[in-house]
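S.K.: My questions are about this predicted structure, shown below with the sequence.
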Amino acid sequence: MNLFFKKTVASQAFNIAVAFIILVNCILIGIEQSYQSDLISWTQDACIILFIVEISARWLARNSVISFFKNIWNIIDLTLIIVSLIPESLFLNSDLLTIFRIVRVVRIIRLIKVFPETLAILRVVKNSFAALLRIISLLIILMYFYALVGVILFKGKTHVSNKFNDTFDPFGNISEALFSLFRVTTGEDWTDLRYDLLSSDVSSWIVNIYFVSWLILSAFFLLNIIIGAVVKNYDSEYSKDKSAKQDEELNQLRIQIDELKRSKNEM
């Protein structure tokens with residue numbers, strides 16, 4: 001029985017069927033946000049039943065209970081199924097109902113395991129985490145330093161207004177200065193900050209050096225280092241996958257050769 005379920009779970013037809021159900025489920029999640037009907041609800045219920053069948057098959061195909069729960073996807077699938085079985089009528093608090101609905105939308109994440117390329121990208125991010133953490137730490141330190149300098153130099157020199165006519169100083173405190181620096185990094189209308197400061201009594205060369213140096217450090221230098229670290233690990237992961245595929249092909253070729261030798265000896 002266990003062997004039957006192992007073959008079933010490993011089969012291409014099973015995985016294609018599961019991928020199709022996940023896609024249908026995700027499409028309906030998007031549709032039901034703006035359009036409600038009994039057909040959508042029934043189809044969603046059918047998808048949940050099929051997900052229960054899928055996780056049951058994976059449970060029966062397990063090598064052991066520990067190996068089943070070591071697989072993060074099994075835990076995610078099981079959690080989402082349990083959450084999906086809870087009726088919304090039990091949530092009297094609107095905030096809890098909102099959180100419950102957001103958790104149910106997490107089912108879209110199941111699409112990740114459908115595509116091997118997406119899983120490879122996740123492995124690249126995982127392998128790059130240590131390098132990314134060091135680079136991001138440096139970015140945060142520099143960002144905090146520039147925020148302090150910005151508050152010292154530009155506090156009270158300029159302001160911005162929103163549609164409610166509330167005014168904010170982009171460098172009035174550390175939190176606003178950090179957000180202003182993030183705005184500069186994204187390139188979103190950061191020149192407005194510069195022009196506003198140029199209309200104040202601050203020296204233009206101070207303003208120019210401050211913004212240009214930060215833009216070079218954050219948007220060009222550190223972000224390119226992050227991209228380089230990810231690309232390096234992506235190449236490494238691609239080489240591993242290619243090597244594993246070649247090893248598998250060689251093993252299959254050896255098996256075929258052994259079978260041919262065995263058949264020749266029997267003759």
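M.R.: That came in fine, so what should we check first?
S.K.: how about the helices in this protein?
M.R.: Shown for the chain, the helices assigned by DSSP state H span residues 2-10, 12-31, 38-60, 65-70, 72-84, 94-105, 116-154, 174-186, 190-198, 204-215, 223-266.
S.K.: Highest mean neighbour count out of those helices?
M.R.: Of these, the one with the most neighbours on average (mean count of other CB atoms under 10 Å) is helix 174-186, at a mean of 17. C-betas here are computed from N, CA, C, even on glycine.
S.K.: before we move on, back to that, so which of the helices of the chain comes closest to V160?
M.R.: Nearest to V160 among the helices of the chain is helix 190-198 (7.6 Å), distances taken as CB to CB.
S.K.: want to try a markdown table for the helices of the chain, with distance to S161 and mean pLDDT as columns?
M.R.: Below are the helices of the chain laid out as a markdown table (distance: least, CB to CB, whole Å; pLDDT from 0 to 100):
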| stretch | distance to S161 | mean pLDDT |
| --- | --- | --- |
| helix 2-10 | 60 | 77 |
| helix 12-31 | 37 | 81 |
| helix 38-60 | 44 | 85 |
| helix 65-70 | 54 | 83 |
| helix 72-84 | 44 | 81 |
| helix 94-105 | 32 | 68 |
| helix 116-154 | 17 | 82 |
| helix 174-186 | 14 | 90 |
| helix 190-198 | 11 | 84 |
| helix 204-215 | 20 | 90 |
| helix 223-266 | 31 | 67 |
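S.K.: now those in CSV, with distance to F168?
M.R.: Listed next are these as CSV, based on distance: least, CB to CB, whole Å:
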stretch, distance to F168
helix 2-10, 56
helix 12-31, 36
helix 38-60, 44
helix 65-70, 49
helix 72-84, 40
helix 94-105, 29
helix 116-154, 13
helix 174-186, 7
helix 190-198, 12
helix 204-215, 18
helix 223-266, 27
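S.K.: Break the protein into its domains for me.
M.R.: 2-114, 123-266 (automatic domain parsing).
S.K.: how close does the residue lying closest to I55 once chain neighbours are set aside sit to V231?
M.R.: Spatial nearest neighbour of I55, excluding adjacent residues (CB to CB, 6 or more residues apart in numbering): D77 at 5.3 Å. Distance, D77 to V231, using CB to CB, to the nearest Å: 32 Å.
S.K.: so who does the spatially closest residue to F14 that is not a sequence neighbour touch?
M.R.: Closest residue to F14 apart from its sequence neighbours, by CB to CB, 6+ apart: T8 at 5.5 Å. For T8, the contacting residues are F14, A57, A61, by CB atoms under 8 Å, 6 or more residues apart in numbering.
S.K.: May I see those residues arranged in CSV, with distance to T186 as well?
M.R.: Below are these laid out as CSV (distance: CB to CB, whole Å):
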residue, distance to T186
F14, 44
A57, 46
A61, 47
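S.K.: ok so, going back, kindly provide the distance from the residue nearest to I55 to V83.
M.R.: In this view, D77 and V83 are 11 Å apart by CB to CB.
S.K.: Repeat that for N173.
M.R.: N173 is 40 Å from V83, by CB to CB.
S.K.: Kindly report the same for L39.
M.R.: 23 Å.
S.K.: and if you look at S203?
M.R.: For S203, the distance to V83 - CB to CB - is 58 Å.
S.K.: same thing with E176?
M.R.: From E176 to V83 the distance is 38 Å (CB to CB).
S.K.: ditto for F20
M.R.: Using CB to CB, one gets 22 Å for the distance from F20 to V83.
S.K.: can you check A131 too?
M.R.: 35 Å.
S.K.: Equivalent analysis for G150, please.
M.R.: Per CB to CB, G150 is found 44 Å from V83.
S.K.: Kindly report the same for T43.
M.R.: T43 is 18 Å from V83, by CB to CB.
S.K.: can you check I40 too?
M.R.: From I40 across to V83, the span is 18 Å (CB to CB).
S.K.: Please apply the same query to A13.
M.R.: With distances taken as CB to CB, A13 is found 28 Å from V83.
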